[in-house]
Structures are given as structure tokens and as C-alpha cells.
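Novice: I'll drop the sequence and a predicted model, then ask my questions.
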Amino acid sequence: NRVHTTYPHCRGAKMSTQHIRLDATAAAPPQEPHFEPSPKSLPTTITRVYSINDIPTSFLLQLFSDRIFVSVSQLKGKLGTLLSCNMEYSMIDGSKTYNVTTLLGVRDDALLEVYARQISERIMNLGRAEQWGTAEDGSPAGPSILLGIALDKKGRGRDQETFRTIIDLVIDMYTEGLRIASSP
């Protein structure tokens, strides 16, 4: 049984459909297996909203196996500038170097780079090296930090108190995330 439908607005176009009679007793076709991710394979995610200097500030923290994503926004959840911060360890003198790269957004605001570096440095100083392991050369490895930051134009988070408050809240969320991720 075939039905042909002609579409008047498309010259010569026809659609052919075949009607198939379904029998309720017929065996259903095999279905694809349904896979659900293991809860351990999903990132640990924490979201919070705090009022900082009467400005609602939303925070998001996601812990992945190889990196940490942090978002701080005073602009209704907008991502703002996206920065990446990596730590390199010198085998020669044991020093640490933090490299901050602006991936998207404002490139001429040094304060945003200071936020990224300070968050990265504070996380590395928490001493969770056993979680991250070592680099190929045997030096201590650390997670890459991806920071999305959008600060209010009025305050811009430029005063020391706001800066410290934001950094402390991110670190508190990070330690909470570690507790959640390590719980059975």
C-alpha cells in the first residue's frame, strides 16, 4: 500500500509513503543498550550566590579529573572573560611559575589575571599533590584552572576587601568540592 502526496507549491515534487500494518504479536525490534554515566565520571559541581557589596555574585565550581572550572559573575551569570592558568614546576631550583592566558574576552585587564593566578596559587598551596600526581619529568603536577569572571563595572572588584572575599569564597567552595568528590 503506497500513498503518493503531491505538493502544489513544489512543481513535480511527490512524497511516497509506505503504510505498514503492525501486528501486536510481532516481536519488537532489538533496542540499543541504554548507557548511563557513572556518578564518579561526572564532575563535582557546586553553585552558590552571595551578595558582595550589595551586588549578587554567582559562583560555579566544577572539579574535573584534569582541570578545575570556576565562574564568578556579578553580571547575571554571564561568563565574562575566560582565562586559563597553569602551574609549571622547575626541577632546577624547585620554583613554581604560573602562566595565565586570556582565552576569550577582555585582554587588557591585569586584575582578571591576578584573580586567576591567586586562585590557582591558593589551590596548589592546599597540598593536594597526591590527587594530581606528577608530570612526565617527575615534577609535581597541578590542575589547569579555567576561570570565567565577569565583575560589575561600578565596583569591578578592585578593592582589597572584595578581592579577598571572592578568592576566599572560591577556595571554600573548592575544599567543599574536594570533600564531596572524595566521599563514598
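Specialist: Noted; the coordinates are in hand. Residues are numbered from 1 along each chain as shown.
Novice: mind listing what's buried along stretch 116-125?
Specialist: Going by neighbour count (16 or more other C-beta atoms under 10 Å), the buried part of stretch 116-125 is 116-121, 123-124. Yep, even glycine has a C-beta here, placed from its N, CA and C like the rest.
Novice: repeat for stretch 94-110
Specialist: Buried residues in stretch 94-110, counting neighbours by 16+ other C-beta under 10 Å, are found at 98, 100, 102.
Novice: which helix or which strand is home to the first one?
Specialist: Following DSSP states H and E, one finds Tyr98 within strand 96-104.
Novice: rounded mean pLDDT for stretch 44-57, please.
Specialist: Stretch 44-57 shows a mean pLDDT of 90 in the predicted model.
Novice: for that stretch, output the C-alpha coordinates as PDB.
Specialist: Provided in PDB are the C-alpha atoms of stretch 44-57 (Å, rounded to 0.1, in the frame of the first residue of the first chain):
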ATOM      1  CA  THR A  44      31.600  17.600  41.100                       C
ATOM      2  CA  THR A  45      29.600  20.800  40.700                       C
ATOM      3  CA  ILE A  46      28.900  23.400  43.300                       C
ATOM      4  CA  THR A  47      26.900  26.600  42.700                       C
ATOM      5  CA  ARG A  48      26.400  29.500  45.100                       C
ATOM      6  CA  VAL A  49      25.100  33.100  45.100                       C
ATOM      7  CA  TYR A  50      26.500  35.600  47.600                       C
ATOM      8  CA  SER A  51      25.900  39.300  48.000                       C
ATOM      9  CA  ILE A  52      29.200  41.100  47.800                       C
ATOM     10  CA  ASN A  53      28.900  44.900  48.400                       C
ATOM     11  CA  ASP A  54      25.200  44.600  47.700                       C
ATOM     12  CA  ILE A  55      25.900  43.000  44.300                       C
ATOM     13  CA  PRO A  56      24.600  39.500  43.700                       C
ATOM     14  CA  THR A  57      27.600  37.400  42.800                       C
END
